[in-house]
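Colleague: Build the 3D model from these lines:
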Amino acid sequence: MKEPRGPRRQRNVPTISDVAAHAGVSPMTVSRVINGETNVRQETRRRVEEAIAALNYAPNAAARTLAGGDDIRIGLLHSNPSFAYLSEFLVGSLDQASRSNVHLVVEKCDEDGGGAAAIDHLLRGRIDGVVLPPPLSDSVPILTALEERGIPVVAVATGRAPEWALSVSIDDRRAAEDMTRHLVKLGHVRIGFITGNPNQTASAERLEGYRTALREAGLALDTDLVAEGMFTYRSGLDAAEQLLDQADPPTAIFAANDDMAAATVAIAHRKGLDVPGDLTVCGFDDTALATTIWPELTTIRQPVIEMSRQAVELLVRTIRGGKAEDHAAQHVLADYTLIRRQSDAAPRRRPTTRKPR
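Modeller: Numbering: from 1, shown residues only. Sure thing, here's the model as predicted:
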């Protein structure tokens, strides 16, 4: 048996990591004991309970809610550069919070150094669980800090949620494959791609989907046709400039979100190109932005509102003592849809040089 170590204290308040160290187990095991899960050995449960008593550890608000009382407070930490995406996420979260009769507390979180402060601020207001939309759903420091505090978490739109957390996502790779195949079927052979933030798993999955579909079609993987973006409109402008300034530019550009696709349309217009006559442009997400520009974007409809609703619903179910199998599970939504609008068409022959209007 592992010898108990002395507790590590922060501001004289024992944490779930202190309990884990004292009992010789992982923080995840302590969380399972606190949440009453059955998949813990009796001897392990006894050591954890003794450690909690010895350290006078006060379990998180979620455990107190399980013990009695229905006043549940859900935290939503956000740091998304896309206003359109965040707006839809908030709509779904607020709607489900109302349906579930829980309070939703929204807190902006700066991943670069401000995460711990935002979490502490939430906990001072007695938060029972946290929903993490991207990019925070991929943030190891944020997830680690929440695990140490024993807070139930639902990570949204991530491909690498930790074992102890719930997650809600779509199959980003398959969705990107479908969009790229669509462009190939239209006749495009030079298809550009604008990536998203390299720290987000969705960006890597969408890039891999693009590459997979090109390989299936027997098309070369030209690195000059891939430009780096950050899921922001500004980064989309720079990436589109890079792609369209080439001697042999792509006839179609698939951007990893609608913000960057909209920026690509703007650059095309500035260069005197007709969309979709000279250049097909496609996006991802189907946020409100996709139908507020002209031409309206062909895009992948990611059910952002439904995903945020399900995230809140899963979290509330967990806090209220849901089944053990609801914990540490992946929940993938497969109901994305390719929406075709006015921004795509078959390629047509273009002169290699064009004069701006």
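Colleague: Pull the number of nearby residues for residue 180.
Modeller: Neighbour count of residue 180, defined by other CB atoms under 10 Å: 26. For every residue, glycine as well, the C-beta is placed using N, CA and C.
Colleague: Residue 175 now?
Modeller: Using other CB under 10 Å, residue 175 has 22 neighbouring residues.
Colleague: Looks like it contacts residue 302 (just checking).
Modeller: Yes: under the criterion of CB atoms under 8 Å, residue 175 makes contact with residue 302 at 7.5 Å.
Colleague: Any chance you could list residues touching both of those two?
Modeller: Residues touching both residue 175 and residue 302 by CB atoms under 8 Å, 6 or more residues apart in numbering: 284, 336.
Colleague: Go through the helix or strand hosting residue 314 and flag the buried ones.
Modeller: Element membership of residue 314, judged by DSSP states H and E, is helix 304-319. By 16 or more other CB atoms under 10 Å, the buried positions in helix 304-319 come out as 304-316, 318-319.
Colleague: same thing with stretch 22-29?
Modeller: Of the residues in stretch 22-29, 22, 23, 24, 25, 27, 28, 29 count as buried by neighbour count, 16+ other CB under 10 Å.
Colleague: And for stretch 135-146?
Modeller: Going by neighbour count (16+ other CB under 10 Å), the buried part of stretch 135-146 is 135, 136, 137, 138, 139, 142, 143, 145, 146.
Colleague: Closest to residue 216 out of the residues you listed?
Modeller: Nearest to residue 216 out of the buried residues of stretch 135-146 is residue 138 (CB to CB; 27.6 Å).
Colleague: And the buried residues of stretch 135-146, which is closest to residue 42?
Modeller: Nearest to residue 42, judged by CB to CB, of the buried residues of stretch 135-146 is residue 146 at 27.6 Å.
Colleague: thinking again about what came up before, turn the buried residues of stretch 22-29 into TSV, including distance to residue 243, secondary structure and pLDDT.
Modeller: Formatted as TSV, the buried residues of stretch 22-29 follow (distance: CB to CB, whole Å; DSSP: H, G, I helix; E, B strand; the rest coil; pLDDT from 0 to 100):
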residue	distance to residue 243	secondary structure	pLDDT
22	56	helix	88
23	55	helix	88
24	55	coil	88
25	52	coil	83
27	45	helix	70
28	44	helix	69
29	50	helix	77
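Colleague: Which two among those residues are spaced furthest apart?
Modeller: 22 and 28 (15.3 Å).
Colleague: Now do the contacts for residue 257.
Modeller: 82, 85, 196, 231, 283, 284, 285, 287.
Colleague: Let me know how buried residue 44 is, in neighbour terms.
Modeller: Neighbour count for residue 44, taken as other CB under 10 Å: 16.
Colleague: returning to what we had before: from the contact counts, what lies against the helix holding residue 314?
Modeller: Secondary-structure packing of helix 304-319 (3 or more CB pairs under 8 Å, 6 or more residues apart in numbering; DSSP states H and E): helix 61-67, strand 73-78, helix 83-99, strand 129-132, strand 153-156, strand 166-169.
Colleague: Out of the ones you listed, indicate the one that is most buried.
Modeller: Among those, ranked by average contacts under mean count of other CB atoms under 10 Å, first place goes to strand 129-132 (a mean of 28).
Colleague: Tell me which helix or strand comes right after the helix or strand hosting residue 105.
Modeller: Under the criterion of DSSP H and E, residue 105 resides in strand 103-108. Once the chain leaves strand 103-108, the next helix or strand it forms, by DSSP H and E, is helix 115-124.
Colleague: Give me the mean pLDDT for that next one.
Modeller: Mean pLDDT, computed over helix 115-124, is 75.
Colleague: One more: stretch 204-220?
Modeller: 97.
Colleague: Any stretches of the stretch 51-200 of the chain with poor pLDDT?
Modeller: By pLDDT under 70, the low-scoring segments of the stretch 51-200 of the chain are 58-70, 111-115.
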